[in-house]
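Q: Provided below are the primary sequence and the corresponding predicted coordinates.
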Amino acid sequence: MVKTDAFQSHLKSLAAASAFHPLYVFSGDEPLLMMESIDLLRSKARQLGYTEREVMLQERGFDWSALLNAGQTMSLFGDRRWIELRIPTGKPGRDGADALKQFSAQIASQSNADGPETIFCIVLPRLDMKTKSSAWFSSLDEAGMAVQIDSLDRGHLPSWIAGRLQKQGQSIQSGPAGQRALEFIAEQVEGNLIAAHQEIQKLGLLYPAGELSEEQVRSAILKVARYNVFELSEAMLAGDLPRVNRMLDGLKGEGEPLVLILWSITEELRLLSKLKMASDSGESVQQLLRANRVWGNKERLYPAALKRVQSSQLRQAVQIAAGLDRQSKGLQAAELPGDPWDGLRLVGNLLR
């Protein structure tokens, strides 16, 4: 089993399909780091022709033969495939353990000088030593590459935040004031990397590239509107137009940046469109929600929105959002109201 540094080195070596392992196993309890590592690998695979994707979720009653069959069947369209198996508990059970050992042997027996026809990715939570030494996990580790994604130590969080800001062209002022600003962000997110990631994105939306002062950081992080931007997206998903209009009035009155609101709404529209296309093709909505990491209130709101909103309405809402994006950058969007806030009301009306 390798750590993140070795996995990053492996990623850099993936210049051809022949460099891929047929199997990757990811284990960890930090969702953001897990998601980003898997996405980096999948992006490399997609660039080299692994364009067909399938996601399996192991839950009660899971048919393990589906995994075994997937390793033996060819793509219907002749494309190379990427198949994910998510085991949320990290405990496959007796039948699952036997199936995984059989699957590992199946993978090990296959050899292709041009690279595997199918790349398998198994996603597990953080594993204890007993599980790591189990026969089923050891067989997976031997058949491919097992990667352990460790959590970030709290003491390293400020430097991690600084590195993320640098990737989006921003930096914190040097000296004690800058260190205080980084520590302040770390304290506010309480070690939650997804929350830290969202705050970093917010800073990128609110301020241009360049150096950020401690005052700018504190102002952005502390600004919690009475009408929350993310609650607005939930109101839109619920189709509650009166609440959407009240929240837009409140957000506008409080001076909440339009670009931040538009980013949040656009992300929801993109995901809703993606899920709509997949569900209309007969895929399981619950599996789609889990595969796209939809949790909490939205796990209830998305299925209702998928039933309520037509594909044509979604396409129109996405077009309006694109026009609002042009408006926010000072460009013309003749088909939209002059006030972008009224354009957001049109989006809300289409989702009711």
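A: Right, received. Where do you want to start?
Q: which elements pack onto the lowest-mean-pLDDT helix or strand in the chain?
A: In the chain, no helix or strand scores lower on mean pLDDT, DSSP states H and E than helix 285-291, which sits at a mean of 84. Packed against helix 285-291 by the contact rule (3 or more C-beta pairs under 8 Å, 6 or more residues apart in numbering; DSSP states H and E) you find strand 50-57, strand 80-86, helix 258-280, helix 297-308. Bear in mind the C-beta positions are built from the backbone N, C-alpha and C, glycine included.
Q: okay, the ones you listed, which one's buried deepest?
A: Neighbour counts (mean count of other C-beta atoms under 10 Å) averaged over each of the helices and strands packed on helix 285-291 peak at strand 80-86, with a mean of 20.
Q: report the buried residues of stretch 125-138.
A: Buried positions in stretch 125-138, judged by neighbour count with 16 or more other C-beta atoms under 10 Å: P125, L127, T131, S134, W136, F137.
Q: same deal with stretch 8-22?
A: By neighbour count, and taking 16+ other C-beta under 10 Å as the criterion, the buried residues in stretch 8-22 are H10, L14, A17, F20, H21, P22.
Q: what pLDDT does the third one get?
A: When you say that, I think you mean A17. Here the pLDDT value assigned to A17 is 89.
Q: give me the nearest residue to it, chain neighbours excluded.
A: Counting by C-beta to C-beta, 6 or more residues apart in numbering, G115 is the residue found nearest to A17 once chain neighbours are left out, at 3.0 Å.
Q: ok, now which ones touch the one you found?
A: A16, A17, S18, A19, F20, L48, R80 (C-beta atoms under 8 Å, 6 or more residues apart in numbering).
Q: turn those residues into CSV, including secondary structure.
A: As requested, those are arranged in CSV below (DSSP: H, G, I helix; E, B strand; the rest coil):
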residue, secondary structure
A16, coil
A17, helix
S18, helix
A19, helix
F20, coil
L48, coil
R80, strand
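Q: which residues sit against stretch 186-196?
A: By C-beta under 8 Å, 6+ apart, the list of residues contacting stretch 186-196 from outside reads 30-33, 152, 154, 157-158, 160-161, 164, 185, 199, 221.
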